[in-house]
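S.K.: From the sequence below, what's the structure:
(4 chains)
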Protein chains: 2
Amino acid sequence: MTKPTIKDIAAQSGVSIATVSRVLANKSGSYSEKTAAKILKIAKELGYRKNSAAVDLVKKGADVIALIINATPTNFSTQIIDGIQQRASELGQGVIILYAGNRDHALQHQAIITALGRSVSGILLAAIEPDEEDLTLLKESQIPFCFVSLYLGTAAILAVSSDNRDLAYQATQYLIDQGHTRIGLVGIDEYHTGSQRRIGYQEAMTANHLAPATVLPGDYSYEAGVRLLQAVKDQGLTAVLAASDMVAAGILTAAQQHKIRVPADLSIMSIDGTIICQITTPALTSVTQDFYQIGRQSVNKVMGQPALDFVPVKIVERASVVPPAD
Amino acid sequence: MTKPTIKDIAAQSGVSIATVSRVLANKSGSYSEKTAAKILKIAKELGYRKNSAAVDLVKKGADVIALIINATPTNFSTQIIDGIQQRASELGQGVIILYAGNRDHALQHQAIITALGRSVSGILLAAIEPDEEDLTLLKESQIPFCFVSLYLGTAAILAVSSDNRDLAYQATQYLIDQGHTRIGLVGIDEYHTGSQRRIGYQEAMTANHLAPATVLPGDYSYEAGVRLLQAVKDQGLTAVLAASDMVAAGILTAAQQHKIRVPADLSIMSIDGTIICQITTPALTSVTQDFYQIGRQSVNKVMGQPALDFVPVKIVERASVVPPAD
DNA sequence: ATAGACATTGTAAACGTTTACGCAAAGTGA
DNA sequence: TCACTTTGCGTAAACGTTTACAATGTCTAT
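M.R.: Got it, this is the predicted structure:
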């Protein structure tokens, strides 16, 4: 009782495999209703299922978008995935997700290789910082790829993200408008996203004649937030812009352990705006990214449709930012 | 400049495609070092990459495990994925993740079809409640499948999870040991996992001669927790066992809005033990599941290796449970 | 020198589809 | 009636690998 093929269906229904294939592929207009009905019936009886490998082989490529994603300490991924999946299915594309571990280089590379080997119709890289090798691999592959939630700083490489410079500028300006002057940027990485945010932060500070106080690098994780609180305290900051909701949460709980009151003694503004912001006490004021939209736009882009480069952010006020005490 | 195949390599190196294939597949002992070196060099120069479709076709199946996962409101997924990925790669299997949306039936079904069409070597279903149709589809497919973090109540179907009955029993007993008598179970679903937990809860209550007070069904989400607080209050409970960290977080923030002090007025014990438990104030005491291990064991199981059915849980005390006030 | 074992390679079939091409039958317009 | 188009279907090639089998050459032990 082996897996049935179109050959079996052909045999049982007394037609050629070509006809079976045409019916099964819905090439309407090239078969009669009668044979179609017969074939479909037999196919169902046999429990027939198309062999995608065979289809991909002859069609030279799968109608599938590969999404490579790493285990970011932060958890915006489901919204991105939702957006991608939705838009992809509107365009008749499936989605397979390849997991690149936790900034694990080998896994990341492996995932790219896998995607290329499957001749997918597009590759999406979410929150992935590529190295040179990955990049040339992708470029030479002839298959379109697009970075998601990461902007490499050049229009030559497809990408959809928030405008990190602007995002940080807005957030910093918001803090300044509240009356803060000793503001730090905490938990950013040292790569593209981080440096773009750093620039926005610095621009906002100098535009308001404030000395850019402190940038404390990290890796967007909860633990980074916890660890960096000491430095925040030492610098005598009255407000911080946290690189992610997780960093914000880390700073918050660490602050509470140090008897630093939030927001009375320290205001925290978070970047991302996931549900984490509602869970903490106090709830975190954030500059919220539209991850769902980022997802959608990225499949547009990788499929050659018109798409946004930057998806707007918005500030949502919750309870973790107030004017400084002094 | 089309994508190079073994044929191109064969032509350039003056050997047959069979030899190229053998070298590229590392069939050691069936080729000489010299030709291997030559072939590998040319392959690299050409930027050759195997066509997985062709390989899968002739090999009748891919060395890949498909993981079907839904967008659970709770976020234990990355740990499960980590475990799966790790163990899979130890066994020489790749992993592709198929996203089943948010308990979206059509998508769920679609994902199963896709996995079957790709003749993967195993299918893992994480936190998926199957319907009859899905189940027969899987059973008839001849390819092994295993539920992850969900036990269907019969040994006939492969599954790896925590022992939900025992988990709920332990948690309830813990609350009782703290002196609570008016204990509710909040946010569970009405399917397998939920009813197993309900049983454990009830057993613990009756074993301690307490009337099972209240079971408030939900969907494991933050919103469910928020919504159900009113009922918790109305029932005059002094402690709740929340179906997930997200539910617990929802109950907590809603309680704070109602000026109910946690844990002084209401103790909250959470099921899952993800990082969410550390983020809230107070931190959530939880019965913590070992999701990483669940992931690992599930690939063992689906690959026919010896594996645990139930992965032990442990109670970790944080700050959200204290003895009742009165 | 001879037989057998072994190492290395080539030939060709197979995997399950899609699709260009061709052909017969049926329909259409004059 | 004829010429032509359309409809429905079959034949066979193609996609890029793997692998059974056969062929060749080399080595070893007699």
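S.K.: surely A:Arg165 meets A:Ala204?
M.R.: No - between A:Arg165 and A:Ala204 there is no contact under CB atoms under 8 Å: 9.8 Å. Using the backbone N, CA and C atoms, a C-beta is placed for each residue, glycine as well.
S.K.: anything in contact with each of those two?
M.R.: By CB atoms under 8 Å, 6 or more residues apart in numbering or on different chains, A:Arg165 and A:Ala204 have no common neighbours.
S.K.: So which of the two has more stuff around it?
M.R.: A:Ala204 (24 against 20; other CB atoms under 10 Å in any protein chain shown).
S.K.: And the pLDDT at that one?
M.R.: At A:Ala204, the pLDDT value in this model is 97.
S.K.: Same question for the one 5 residues further on.
M.R.: The predicted structure scores A:His209 at 97 on the pLDDT scale.
S.K.: Now A:Phe291. Nearest residue, chain neighbours left out?
M.R.: Nearest residue to A:Phe291, sequence neighbours excluded (CB to CB, 6 or more residues apart in numbering or on different chains): A:Gln79, at 3.7 Å.
S.K.: Could you report the neighbour count for the residue nearest to A:Gln178 when sequence neighbours are not counted?
M.R.: Using CB to CB, 6+ apart and skipping residues adjacent in sequence, the residue nearest A:Gln178 is A:Pro323, 5.0 Å away. Using other CB under 10 Å, A:Pro323 has 14 other residues around it.
S.K.: Helices of the stretch 101-250 of chain A, start to end?
M.R.: A:105-117, A:132-140, A:164-177, A:192-207, A:222-234, A:245-257 (DSSP state H, counting those that start in this stretch).
S.K.: next one: phi and psi at the residue of the stretch 151-300 of chain A found nearest DNA strand C?
M.R.: Using CB to the nearest atom of the strand, A:Val299 is the residue of the stretch 151-300 of chain A that sits closest to DNA strand C, at 22.9 Å. Note on A:Val299: its backbone torsions stand at phi -70, psi -40 [degrees, to the nearest 10].
S.K.: separation between it and DNA strand D?
M.R.: Going from A:Val299 to DNA strand D by CB to the nearest atom of the strand, to the nearest Å gives 26 Å.
S.K.: So what's the residue count around A:Ser16?
M.R.: By other CB under 10 Å, the burial measure for A:Ser16, its neighbour count, is 12.
S.K.: Quick one: mean pLDDT for the helix or strand hosting A:Tyr292?
M.R.: Following DSSP states H and E, one finds A:Tyr292 within helix A:291-302. Averaged across helix A:291-302, pLDDT comes to 98.
S.K.: Could you name the helices and strands sitting against the next helix or strand after it?
M.R.: Once helix A:291-302 ends, the next helix or strand along the chain (criterion: DSSP H and E) is strand A:314-316. For strand A:314-316, the packing partners by 3 or more CB pairs under 8 Å, 6 or more residues apart in numbering or on different chains; DSSP states H and E come out as helix A:164-177, strand A:285-288.
S.K.: The residue nearest to A:Gln178 and A:Asp177 touch, don't they?
M.R.: No - contact criterion CB under 8 Å: A:Pro323 and A:Asp177 do not qualify, at 9.4 Å.
S.K.: how much space between the residue of the stretch 151-300 of chain A closest to DNA strand C and B:Gln108?
M.R.: 21 Å (CB to CB, to the nearest Å).
S.K.: Also A:Ile176?
M.R.: From A:Ile176 across to B:Gln108, the span is 48 Å (CB to CB).
S.K.: Next: A:Asp189.
M.R.: In terms of CB to CB, A:Asp189 sits 36 Å off from B:Gln108.
S.K.: Settle it for me: which of the two has more neighbours?
M.R.: Neighbour comparison, A:Asp189 and B:Gln108: the larger count goes to B:Gln108, with 22 against 17 (by other CB under 10 Å).
S.K.: Tell me the confidence at the more buried one?
M.R.: 93.
S.K.: Nearest spatial neighbour of it, chain-adjacent residues omitted?
M.R.: Once flanking residues are discounted, B:Gln108 sits nearest to B:Ala100: 4.2 Å by CB to CB, 6+ apart.
S.K.: which ones are touching the one you found?
M.R.: Taking CB under 8 Å, 6+ apart as the test, what B:Ala100 contacts is B:Ile68, B:Ile69, B:Asn70, B:Ala71, B:Leu107, B:Gln108, B:Ala111, B:Ile128.
S.K.: Now A:Met205: closest residue in space, sequence neighbours ignored.
M.R.: Per CB to CB, 6+ apart, closest to A:Met205 is A:Pro212, 4.4 Å.
S.K.: repeat for A:Pro324
M.R.: Once flanking residues are discounted, A:Pro324 sits nearest to A:Thr238: 4.2 Å by CB to CB, 6+ apart.
S.K.: Can you report phi and psi for A:Ser244?
M.R.: Dihedral angles of A:Ser244 (phi, psi; degrees, to the nearest 10) stand at phi -160, psi 170.
S.K.: how far away is it from A:Val302?
M.R.: Look at A:Ser244 and A:Val302: by CB to CB, they are 25 Å apart.
S.K.: now swap in A:Gln256 and tell me
M.R.: 43 Å.
S.K.: for A:Tyr292, same thing?
M.R.: 16 Å.
S.K.: Same check on A:Ala18?
M.R.: With CB to CB as the criterion, A:Ala18 and A:Val302 are 34 Å apart.
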